[in-house]
Every structure is written in C-alpha cells, then in structure tokens.
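Asks: 3D model of this:
(chains A and B)
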Amino acid sequence: MSMQRYIARRIVTSVPVLIGVSMVTFGLMHAAPGDVVSQLVASNPNVSAAEAVRLREEFGLNDPIWVQYIDWMRGVLTGDFGEVYSSGRDAGAVIWARLPETLVLGAFGWIFAIAIAIPSGIYAAVNKDQLGDDVSRFVALSGISVPNFWLGLMLMAVFAVQFDLFPTLDPQTGLFSRQMLWWLILPGVTIGTAAAANVMRIMRTSMAEELNKEYVTAARAKGLPERTIILKHVLRNSMISVTTVAAFLTAGLVSGSVVVENVFSWPGLGQELVAAIQLREMNLIMGITLLTGVVIVLANLLADIVYAVLDPRIRDEY
Amino acid sequence: MSTKRGRIRISGFETERIEEHESTDVHGDEYTEPEGILHRIVSRLLRDRLALASIVIVVLMAVAALVARPWTVFGVTVQPLSLAPFDPTESAVAGPHEMPSAAHLMGTDRLGRDIFSRVMIGGRYSISIGLVVTVIASVVGVLYGSAAGYFGGRVDTVLMRVLDLVFAFPGLVLALVLVALFGGGFWPLVGAFVVVGWASYARIIRGEILKVKQNEYVMAAKALGARDRSVVLRHIIPNAIAPVVVQATLSVGTVVIGVAALGFLGLGFDPGTPEWGTMLDGERDTLATGAGGTWYWWATVFPGLMIFLFVMAMNVIGDAINDALDTQVDDVGRGGGG
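Replies: The predicted model follows:
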C-alpha cells in the first residue's frame, strides 16, 4: 500500500473515534446528577421556580438528549463551546486563550524528556548490566515512581524558595519571551520527568536488543567505528520503538499538566479544568475534556504515520 | 495433522485426560502452567535483594495502615489494634508545625496533628483503592479482552472500538472528571479508576489470545466439543495470563499515584482526611514562607515520601516479575497516572 493511501486510511479511521469521544464527553456530563439550572438555583435563591422552568426551556434542557448533543456539536464545530455561567464569558475564548500555555509546557516537557532519555538510554544499553546501567535504571524507576505533584513541590521549595533561583509567582511575562524560560524550567522538568524515565527505559531495552543483531556484527566486521554504528544505525532503529509509545507518553503529559499546572500556578488548560470542576462549569469541563480527547487521537494518528515512515513494513500489514 | 488427530482420539473425551495430556505433550516449553509461573516469580523475587526489600516495604506499609487504628466493617470490628501513637484526626496534640522529635517522629502539621500517625493510616486510602481497583479492573478487562480475542471478527471489531474510546482520554483527566461529576469517597474513586484502568488488561489479553488461539490444543478442545466458555476459561486464559500479572503489579502504583493526585487537587476526599495527597494539599501553601525563611519541610516531605516509597517498591516488584516471566509488557501506561 502506498504511503498516501495508508495515511488517508488512517485518517478516515480516526473520524469515528473522534465522534465517539464527543459522544462520551457529552454523555458523561449529562449522566451526572444535577443540571446547570439546578446549580443556578442552588447558588442563587432569588431564582424562582417559574424562572427555573423558563431557563430549562431556554437552555434546551427539555429536548431529547440526542437533540441536545447535536446542538452542542453544531456549536463546537463552529468554535462555539457555550457560555461560562459564573463569568458570562465565552467558554471557547477561555479555552483558546489557555491552550498555548499548556502546549508550550508540554513541548518543553517533551524536549526535556528526549534530551535526558536518549543519551542516558544509549549509555545504559552500551554498558548493559554494569554498575552505570544499574544506577541509571534505578534512577529511571524512581522517575516513574515519583508523584509529579510532590516532585514539583520539592523542586519549588528547594530551588525557588530556599535558593531563590527561580521565580515563585505566577508567570508575569508574555508566553514567548526569553524571561519565560525561567518560569518554564521547574514545571517543565516536573512534567517531563516521568516521560524521560519511560523513554530511557524503552531506549535501553530496544538498543540492547538491536546491538545483538547481525547488522551490528556486520558493521563491526566492516571496521566501522563503534560511535558510527551506535549513533547512525542502532539509534535510528531504536527510535522506532520510541515512536510506538509516543502517543501514550503524550497522554501522560496531558494528565501531568493538570497536576503540574496546579502546583506552579501555570495558567493553562489543566488549571482551568480544575477551576471549572470546582465551579461546576459544564460547558468548560466538556470543552476541555473533548479537547484532550481530540489531542490524544491526533497524537496517535501522528505517531502511526511517523512509525509507518520509519518502518515501511507497517504499511503492508495494515 | 493426521498424527495429531490420532493422538486426540487416544486421549479420550474426559476433561481430566485432556488436561493431563496438554500439560505434558502439547504445551512444549513456551507455555507454563500457573504453578510454574508462581514458582518462577517466587524464586526470582527471592534472589533479587532489591525486590525482597521492596516486598518488605510494601508489607510493612500495608500492615501499618491496617493496625494504626481499629478497622470496622459493617459495624463489626475486624482489627482491634490501635498502634498509631496519636489519633490521626485529633488536632493540637502538640503545637502547630513542631519539628520532628522523639514524641512526634515526623513532627506536627498546621493544626498540631501528629504527622507520623497520619502518614501511617494514610495507606488505608491509597493502598486499598489501588488493590481493589487492580483486582476489579483486571477481571473485567480479562473477560472483555478474552471475548474479543476468542470470538474475533465483528465482535472483536466492535469491542475494540470501545477500547479505543477509553484510550482516547488521558487517564487522570477521565478519573478527575468522573470523580468531579459523580462525587468522591472510597467506592466512587474505585469506580473512576476501574473505568480508566480495565482497558489495558483487555488489550493485553486480547493480543495474547490471538497468539495462543493458533495452538493446536485449542483446536483440539474445540473439536472435542468443549463449549466456548470452557475453552476460554480453562485453556486460553491460563496460557495468556503472564503479561496480565505484570501489568496488574505495575498498575497498583499508577492507581496509588492517581488517587493521591486527586486528593492533592482537593477532589475525592474531605479536606481533613489523612490521605497522603490530601495531606500535601493542606500544607502546600506553607512552602513559600519567604526566601530562606522557615520551611516546615516535614509537613510536605513525609506524606509525599510515603507515596514515592510505596510506588517505587511496587514498581521494583513488577519489574522483577516481568523479568521472571520475560513478558516484555511495555511500561508506558505508568507515570501518566499522576
């Protein structure tokens, strides 16, 4: 199968998943006890019973659920996520304002993870079963096991508060300015640690496996320097196994952003989600949940395409 | 094929005979009986000092949580011991934010509660939810995945599309939204993390079953008229279970971190609950008391350290079991939980 056809087919199969994601998101919110109007009534005793009935009608809450779903989807597809009831703002505007913050944080986490994991993974695989390997494996396992909210608190307490190396306040400058790096480092390291540890472990396993293959022996016999063999041939093949898990790791980063943004007061979607949950802002919760689902589906799609580019055998299997 | 057919006829139709036959001849070296798996796990764990230490840590923490205060189930006191030095929920057993001392091993928190007692009983929430979720999620996932893998075809396609949906949401976000919508407490948290967790087991077991299904003994059992249910439960699952065991061990830690993360975000438990994440949430604002100022480090270090220790120990055990069974479960599902 040609590459174009593979990609086209993969995109087409993502569409039903996206529709399903939107249905699950919508269905969950509507299975929950209490609707928007009962929330309003509870928080504001001045709303009369007659008014509540009128509001229900106005919000379309008396329509069958599938009509409500189609109305909501029609809005979402045109960028209208509904209203934030407590502030009267447009939920879509809030989401689009927060999204870049989370994307930058996640991207920094990824860069940090790759920058740490690739060299240490190579080191561990080359020195397999020696002291250095054992130590780096132990460190990687710690990286997977440490709760990121605690890691964030500890980094903040030590490096920002005690040593005063980093700012403790919320980010005060534009997202794409150079000073922003100072605000980014601690949350970025916190969010990237688990991904770094995971990638390092995968790199180690797959490189150790690759190093035993015949093409490596052949390359050595040919007299290629070990450095060239590892960096040009083995590394490239091991990266394939990293792409297979890249989408999972992205899901982990999205989960992580919810927690880490809260620790560092990072003004992204994760912090907005927790705030929306506390205020029970249904339109915001639905919008953000839907968006995370879409991001994961797209990450999976992208990872599969990269995988197919790197490893042509996949295209044929599909 | 013809020789195989002959052998089946000889071994007869009684189930005992078929099983006996399978365990000796057809299995070969690739597959191990459940006793074999258990034996390999135990001997591997005993040889590995780090894994042994981890088992000790896990057991100690679980026992500490159990005996810290009496434990009552449906009004019946199951465990009468009360070994925590102070009542974990009682305020002002000493001054607020007192340094660790002989009387208060881990100091006291902002309300003068004894952190050691709180940390001790804190395992009741995370550890028990972790275990219960793992048991329920693995049973649900294994049954679901087995059905998909065994029946194949259209059933498989439909069941797998449902899995895709679960995987489309980041675990913690889904759990967070579920708890926010349906409330907190023990069982709602268990429910939320089961919804998030069962899918990985289903996917793993389905993959294994697609491999195992090709084996002749499955065909033989079917040819002998064994019902689908008994083929799956008695023949296929036992041979495909190893990676599920590994995944289950590793996922206890993920759930523990996830539960603590929700507690830290102020969801799932009442504010004063001595749950590790909730304890951290209650003290996080004491971090920034000013540059070089007094940081009541014990109030934030110890609860987090407990989560870290427990999860680390579970992961070491999981890794050791993984090595023992050589299943190569990729450990990517982890870390994302918290």
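Asks: Any stretches of the stretch 201-338 of chain B with poor pLDDT?
Replies: Applying pLDDT under 70 to the stretch 201-338 of chain B picks out residues B:288-293, B:326-338.
Asks: packing partners for the host helix or strand of B:V59?
Replies: Secondary structure from DSSP states H and E places B:V59 in helix B:49-67. Judged by 3 or more Cβ pairs under 8 Å, 6 or more residues apart in numbering or on different chains; DSSP states H and E, helix B:49-67 is in contact with helix B:34-47, helix B:115-151, helix B:297-325. In this view, the C-beta of every residue, glycine as well, is placed from N, C-alpha and C.
Asks: And that helix, how far out from the chain middle?
Replies: Here the centre of helix B:49-67 is set off from its chain's centre by 15 Å, with Cα atoms, centre = their mean, to the nearest Å.
Asks: what residues does it touch?
Replies: B:44-46, B:79, B:81-83, B:120-124, B:127-128, B:306, B:309-310, B:312-314, B:316-317, B:319-320 (Cβ atoms under 8 Å, 6 or more residues apart in numbering or on different chains).
Asks: May I see the buried residues of it?
Replies: By 16 or more other Cβ atoms under 10 Å in any protein chain shown, the buried positions in helix B:49-67 come out as B:A51, B:S54, B:I55, B:I57, B:V58, B:M61, B:A62, B:A64, B:A65, B:L66, B:V67.
Asks: try stretch B:145-165
Replies: B:G145, B:S146, B:A147, B:A148, B:G149, B:Y150, B:D156, B:L159, B:L163, B:D164, B:L165.
Asks: contacting residues around it?
Replies: A:16-17, A:20-21, A:24, B:144, B:199, B:201-210, B:213, B:228, B:231-232, B:236-237.
Asks: list the contacts for the most centrally placed residue in chain B?
Replies: Geometric centre of chain B, nearest residue: B:V252, 2.5 Å, by Cα atoms, centre = their mean. By Cβ under 8 Å, 6+ apart, B:V252 lies in contact with B:G130, B:L131, B:T134, B:M314.
Asks: near chain A, from these?
Replies: Taking Cβ under 8 Å from any Cβ of the partner chain as the test, chain A is in contact with B:M314 out of the contacts of B:V252.
Asks: Please enumerate the helices of the stretch 151-300 of chain B.
Replies: Remark: helices assigned in the stretch 151-300 of chain B by DSSP state H, counting those that start in this stretch are B:153-167, B:171-182, B:186-212, B:216-223, B:228-230, B:237-240, B:242-264, B:276-283, B:297-325.
Asks: Point out the one among these that comes closest to A:L253.
Replies: Nearest to A:L253, of all the helices of the stretch 151-300 of chain B, is helix B:171-182, at 10.8 Å by Cβ to Cβ.
Asks: Out of the helices and strands packed on helix B:49-67, which is closest to A:Q179?
Replies: Closest approach to A:Q179 among those (Cβ to Cβ): helix B:297-325, 27.9 Å.
Asks: Could you list the low-pLDDT ranges of chain A?
Replies: In chain A, residues with pLDDT under 70: A:1, A:34-36, A:39-40, A:43-45, A:168-176, A:314-318.
Asks: And the residue of it most remote from its centre, how far from A:R56?
Replies: The C-alpha centroid of chain A is most remote from A:A50, which lies 44.1 Å away (Cα atoms, centre = their mean). A:A50 is 11 Å from A:R56, where distance means Cβ to Cβ, to the nearest Å.
Asks: Between the contacts of B:V252, which sits nearest B:G184?
Replies: Nearest member of the contacts of B:V252 to B:G184, counting by Cβ to Cβ, is B:G130, at 16.2 Å.
Asks: what's near enough to touch that closest one?
Replies: Shown in contact with B:G130 (Cβ under 8 Å, 6+ apart): B:V252, B:G253, B:V255, B:V256, B:V259.
Asks: what's the second one in contact with, if anything?
Replies: By that I understand B:G253. Contacts of B:G253 (Cβ under 8 Å, 6+ apart): A:S145, B:G130, B:F310, B:V311, B:M312, B:M314, B:N315, B:G318, B:R334.
Asks: can you check the last one too?
Replies: Neighbour list for B:V259: B:Y125, B:S126, B:I129, B:G130, B:L189, B:F193, B:G268, B:E275, B:G277 [criterion: Cβ under 8 Å, 6+ apart].
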